[in-house]
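Undergrad: 3D, please:
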Amino acid sequence: MYESNITLNKSASMHFEDAYCVLLGLDSEKKRIAIKPVTKQEYERGAIPEEKRHKITVRPSYARVCNKKFIKEAAEIAEIDLKENNAVKFKTVWSSKDQAMIIDLNEQRGELK
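TA: Got it, this is the predicted structure:
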């Protein structure tokens, strides 16, 4: 997690290969982020309100979701400082039940510089 984006590594990004956009969710009590892929068909049906949709960029070795406001709120909940190009790694798991990537803000895996 960076100040301006969430970057998913290659193994995490494979769940988003067919995503047209994503839904972002934040559980402030459990300190978790959910990233749920939205297909082009779901997008075109209008099933997801526009304000809930977020752009995802998927490349061969990573995926990236940008939303500074959302990330700022998540960083406050996790009590981390992402300013001055700080970045923090977190444990993530794919939830088959929810069909979403879950980032556990309680499970910090280190800082990137």
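
Undergrad: S61 is in contact with S11, isn't it?
TA: No: look at S61 against S11 with Cβ atoms under 8 Å: they stay out of range, at 10.1 Å. (C-beta placed from N, C-alpha, C; glycine too.)

Undergrad: I would like the residues contacting the helix or strand containing K69, please.
TA: Assigned by DSSP states H and E, K69 belongs to helix 68-78. Residues from elsewhere that reach helix 68-78 (Cβ atoms under 8 Å, 6 or more residues apart in numbering): 1-6, 24, 26, 28, 31, 33, 54, 81-82, 88, 105-106, 108.

Undergrad: cool, stretch 92-99 as well?
TA: 8, 12, 15, 34, 36-37, 100-104.

Undergrad: how about the residue lying closest to I48 once chain neighbours are set aside, what does it touch?
TA: Spatial nearest neighbour of I48, chain neighbours left out: V38 (5.6 Å); criterion: Cβ to Cβ, 6 or more residues apart in numbering. Neighbouring residues of V38 by Cβ under 8 Å, 6+ apart: 19-23, 48, 53.

Undergrad: tell me what the residue nearest the centre of the chain is bridged to.
TA: With distances taken as Cα atoms, centre = their mean, the chain has I35 as the residue nearest its mean C-alpha position (4.7 Å). Beta bridges link I35 to L24, M101 when assigned by DSSP bridges.

Undergrad: show me where the protein has helices.
TA: Secondary structure of the chain (DSSP state H): helices at 10-13, 40-45, 68-78.

Undergrad: dump these to a markdown table, plus mean neighbour count and mean pLDDT.
TA: Converted to a markdown table, those look like this (neighbours: other Cβ atoms under 10 Å; pLDDT from 0 to 100):
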| stretch | mean neighbour count | mean pLDDT |
| --- | --- | --- |
| helix 10-13 | 15 | 93 |
| helix 40-45 | 12 | 90 |
| helix 68-78 | 16 | 93 |
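
Undergrad: give me the number of residues near the closest residue to K91 other than its chain neighbours?
TA: Ranked by Cβ to Cβ, 6+ apart and with sequence neighbours excluded, the top spatial neighbour of K91 is E107, at 3.6 Å. Using other Cβ atoms under 10 Å, E107 is surrounded by 13 other residues.
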